[in-house]
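S.K.: missing the sequence, but the structure's below:
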């Protein structure tokens, strides 16, 4: 079974930074688009960002534009989400997901086939 593993979450003060990583278990990310999603308590899952397999197309939710950056290192088989200027409203469980269908970056969760278990990000003073 294809699995994705997120890491890098934690507790950070407002204005701080974290870098999340997404790595697969047992397969390569080379031909897959990767998306990041988040879900806060009592809220629906929200698309945060996506990067296509080539890295040539990215997209961000309006709420994170200018603060978050998605990137991928296919040599390391890992996708990253650099999160800067974090706000309390960024607190959520963050998930990465993989799609073999996306050619133009898209954060519609219905287009993703494989999901990780999530990593908690808490922004609080």
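M.R.: Sure, I can see it. None of the values given here were measured: they were computed from a predicted structure.
S.K.: show me where pLDDT drops low in the protein?
M.R.: 1 (pLDDT under 70).
S.K.: go with 80
M.R.: Within the chain, the ranges that satisfy pLDDT under 80 run 1-2.
S.K.: so where do the strands sit in it?
M.R.: Taking DSSP state E as the criterion, the chain carries its strands at 3-7, 10-12, 18-25, 33-39, 46-51, 58-60, 68-73, 78-83, 92-99, 114-115, 119-123.
S.K.: enumerate every residue touching the closest residue in space to residue 27 that isn't next to it in sequence.
M.R.: Of all residues not flanking residue 27 in the chain, residue 2 sits nearest, at 5.4 Å (CB to CB, 6 or more residues apart in numbering). In this view, the C-beta of every residue, glycine as well, is placed from N, C-alpha and C. Residues near residue 2 by CB atoms under 8 Å, 6 or more residues apart in numbering: 24-27, 98, 114.
S.K.: same deal with residue 100?
M.R.: For residue 100, the set of contacting residues under the criterion of CB under 8 Å, 6+ apart consists of 31-33, 113.
S.K.: switch the cut-off to 6 Å
M.R.: Contact analysis of residue 100 by CB atoms under 6 Å, 6 or more residues apart in numbering lists residue 32.
S.K.: gap between it and residue 90?
M.R.: 29 Å (CB to CB, to the nearest Å).
S.K.: what subset of the contacts of residue 2 is buried?
M.R.: For the contacts of residue 2, a burial check counting by 16 or more other CB atoms under 10 Å picks out 24, 98, 114.
S.K.: quickly list what the first one is bridged to.
M.R.: Looking back up the chat, that one is residue 24. When bridges are taken as DSSP bridges, the partners of residue 24 come out as residue 4.
S.K.: now do the last one
M.R.: Using DSSP bridges, the bridge partners assigned to residue 114 are residue 98.
S.K.: surely it touches residue 96?
M.R.: No - applying CB atoms under 6 Å, one finds residue 114 not in contact with residue 96, separated by 9.1 Å.
S.K.: between the two, what contacts are shared?
M.R.: residue 4.
S.K.: which residue comes closest to the spatially most central residue of the chain once chain neighbours are left out?
M.R.: In the chain, the residue lying closest to the centroid (CA atoms, centre = their mean) is residue 36, at 2.4 Å. Ranked by CB to CB, 6+ apart and with sequence neighbours excluded, the top spatial neighbour of residue 36 is residue 48, at 4.4 Å.
S.K.: all good on my end, thank you.
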